[in-house]
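below: sequence and its predicted model.
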Amino acid sequence: MSPSSLPESWRFDGRLVMVGFGCIGQGVLPLLLRHLKMRPDRLLVLAPEQGLGDYAAMTEAAGVRYLPLALTPENYQQALDGQLSAGDFLLNLSVNVSSVALIGWCQAHGVLYLDTCIEPWLGGYIDPALGLAERTNYALREAALALRHKPSRGPTALLTHGANPGLVSHFVKQALLTLARDQGLPDAQPCGQQEWAGLAERLDVRVIHIAERDTQSGGPRKQLNEFVNTWSVEAFVDEGRQPAELGWGSHERALPADGRRHQAGSQAAIYLQRPGAATRVRSWTPLSGPMHAFLITHAESISIANYLTLGDPARPRYRPTVHYAYHPCDDAVLSLHELAGRNWQLQSRERVLKEEISSGIDELGVLLMGHASGAYWYGSRLSIGRARELCPHNSATSLQVTAAVLAGVLWAIRKPDQGLLEPDELPFEEIIGLCGPYLGEMVGAYSDWTPLQGRGWLFDETLDLDDPWQFCNFRVT
């Protein structure tokens, strides 16, 4: 990549604390040092050693400071008090550390904030004392949004701004504009939530999948009693054990038998009484074609559905069904099967594929369905080879995340007083422009695929033949 195609470097005079230093933290560090004009010793990594790399050696080589410490409900305030003050930045890339607690501290101290996932404290995802609804991303999102200050906005805090959730919300807007252009609709760009939702309604977008297929592989194959993935094992298992969640569309005719509505909040989503890692759906990507994917809960399933709602949230005039449809790398699929057989008790060994990856791509995009053209996928197609050319310490999967983290950090530094925001509320063209040089090939592809394609020839199935875009047709039973 030529230097002229990279995002510009922006000056930052404050201090930055990165909480967590797994595969995303390690991958974003060289991007921060490349694009932030700040002394490396003003950047602190705050994370416990976890046997997945020599954190001290890695941070020392980069010239940044490292403090081996696990944040807990008892120590996080004291730990942050000594490291950050007004105008500084807290970049939360951790697991098992409450995002709500950190956001609250940052808002009280005038500190900028970004995370890639709204996390609870350790054990919050699987606490048997909590009901299923309380263990959902819906509940975590509602708790975070409750921290919004009114009427004053406060320091900028960007929720869930990785690849997904995060970047995919910007992909949805770009895809909507492409559909509008190709269908001959007026080219005036929507402004604000109601106009974007109005455009999606006018286009008759009924379903949106965050459709991802990871084909990366390399190194020793998965062994017995081992969980292998191309990104954080702990984070993936946590979300895989949560209830499956999806934004619930206004066109849906029947709630699933195991589906449940929430009693308060935005009403944009439902949850299923089963883990996401045990819930499969039919989906499609340009290279892989039709696939069975996992309906893993993600914040964007709720935020995108909420953002594209018109009318009474409890009985909307319009809302698309939105959910993640994820086919991880082959070793991760085997790992999930073994995890399920162990009744969701994590294997004793974990391995994150990184330097040993020898081939493959991550095809990550949004699949908009139900409109006049059938289905349209838009997103990033990034190979492992190209990812390594673009930035060290990254795989194809991690670079799609770390590029979006970088873009969010740069935007927040330039707009430091915007309060608490979700990705759907940010300027999508600016964010895509900042990420674009790191995303490989950007692809838009139409398809005539529907979840009814090729169905019913081998076994009888209960299908809704009148409307292919009903959730019951997507779900694998």
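Looks like it arrived, so ask away.

show me what contacts E60?
Residues counted as contacts of E60 (C-beta atoms under 8 Å, 6 or more residues apart in numbering) are Y66. C-beta coordinates here come from the backbone N, C-alpha and C atoms, glycine included.

what do you get for the one 5 residues further on?
R65 is in contact with 41, 43-45, 59, counting by C-beta under 8 Å, 6+ apart.

repeat the analysis, applying 10 Å as the threshold.
Neighbouring residues of R65 by C-beta atoms under 10 Å, 6 or more residues apart in numbering: 15, 17, 40-46, 59, 83.

which one's the longest helix in this structure?
Scanning the chain for the helix with the most residues, using DSSP state H, yields helix 396-414.

residue contacts, Y76?
Y76 neighbours (C-beta under 10 Å, 6+ apart): 19, 46, 69-70, 97-98, 101-102, 105, 121.

so of the residues you listed, which ones are in helices?
Counting by DSSP H, the contacts of Y76 place 101-102, 105 in helices.

nearest to L310, of those?
Of all those, L310 sits closest to L102, with 33.4 Å by C-beta to C-beta.

measure that closest one to E363 for me?
32 Å (C-beta to C-beta, to the nearest Å).

mind checking pLDDT for the residue lying closest to L185 once chain neighbours are set aside?
In space, L185 comes closest to R202 once its chain neighbours are excluded; the distance is 6.9 Å by C-beta to C-beta, 6 or more residues apart in numbering. Note on R202: pLDDT of 97.

which phi and psi values does R202 adopt?
Phi and psi for R202, reported as degrees, to the nearest 10, are phi -60, psi -40.

and what of K354?
Residue torsions, per degrees, to the nearest 10, at K354 are phi -150, psi -90.

ok, it touching L399?
No. At 11.4 Å, K354 does not count as touching L399 under the criterion of C-beta atoms under 10 Å.

circling back: quick one, which of the contacts of R65 are buried?
The neighbour-count criterion (16 or more other C-beta atoms under 10 Å) marks 15, 17, 42-46, 59, 83 among the contacts of R65 as buried.

state the pLDDT value of the nearest residue to T215 once chain neighbours are set aside.
In this structure, T215 finds its nearest non-sequential neighbour in G360, 4.1 Å apart by C-beta to C-beta, 6+ apart. pLDDT, G360: 98.

kindly report the same for L6.
61.

tell me which element L32 is part of?
Counting by DSSP states H and E, the element that carries L32 is helix 23-35.

show me what that helix is packed up against.
strand 16-19, strand 43-46, helix 55-62, strand 89-92, helix 233-241, helix 396-414 (3 or more C-beta pairs under 10 Å, 6 or more residues apart in numbering; DSSP states H and E).

and the last one, how far from the chain's centre?
With C-alpha atoms, centre = their mean, to the nearest Å as the basis, the distance from the averaged C-alpha position of helix 396-414 to the chain average is 12 Å.

just to revisit the earlier point, so what's in contact with K354 and L399 at the same time?
Counting by C-beta under 10 Å, 6+ apart, the shared contacts of K354 and L399 are 27, 384, 393.

more neighbours, K354 and L399?
Neighbour comparison, K354 and L399: the larger count goes to L399, with 29 against 22 (by other C-beta atoms under 10 Å).

hang on, that one packs against Q216?
No. Counting by C-beta under 10 Å, L399 does not reach Q216; the two are 11.6 Å apart.

hey, what's in contact with both of those two?
Common neighbours of L399 and Q216, using C-beta under 10 Å, 6+ apart, are 362, 382, 384, 387.

of the residues you listed, which belong to helices?
Short answer: the shared contacts of L399 and Q216 in helices (DSSP H) are 384, 387.

most surrounded residue in the shared contacts of L399 and Q216?
Neighbour count (other C-beta under 10 Å) singles out D362 as the most crowded of the shared contacts of L399 and Q216, with 29 neighbours.

check contacts around that one.
With C-beta under 10 Å, 6+ apart, D362 has these contacts: 163, 212-216, 230-231, 328-329, 379-384, 387, 395-401, 440.

swap the cut-off to 8 Å and go again
212-216, 230, 380-382, 395-397, 400.

likewise L185?
199, 202-203.

which of those count as buried?
Neighbour-count burial (16+ other C-beta under 10 Å) applied to the contacts of L185 gives 199, 202-203.

nearest to A268, of these?
L199 (17.8 Å).

need the phi and psi values for the closest one.
phi -70, psi -40.

didn't it look like it was pressed against P190?
Yes. Judged on C-beta atoms under 8 Å, L199 makes contact with P190 at a distance of 5.1 Å.

shared neighbours of the two, anything?
L176.

how about the helices in the stretch 51-200 of the chain?
Taking DSSP state H, counting those that start in this stretch, the helices of the stretch 51-200 of the chain run over residues 55-62, 76-81, 99-109, 137-145, 167-182, 193-203.

low-confidence stretches in the stretch 1-150 of the chain?
Across the stretch 1-150 of the chain, the ranges flagged by pLDDT under 70 are 1-7, 50-53.

end to end, how far does stretch 422-442 reach?
Length of stretch 422-442, first residue to last, C-alpha to C-alpha, to the nearest Å: 23 Å.
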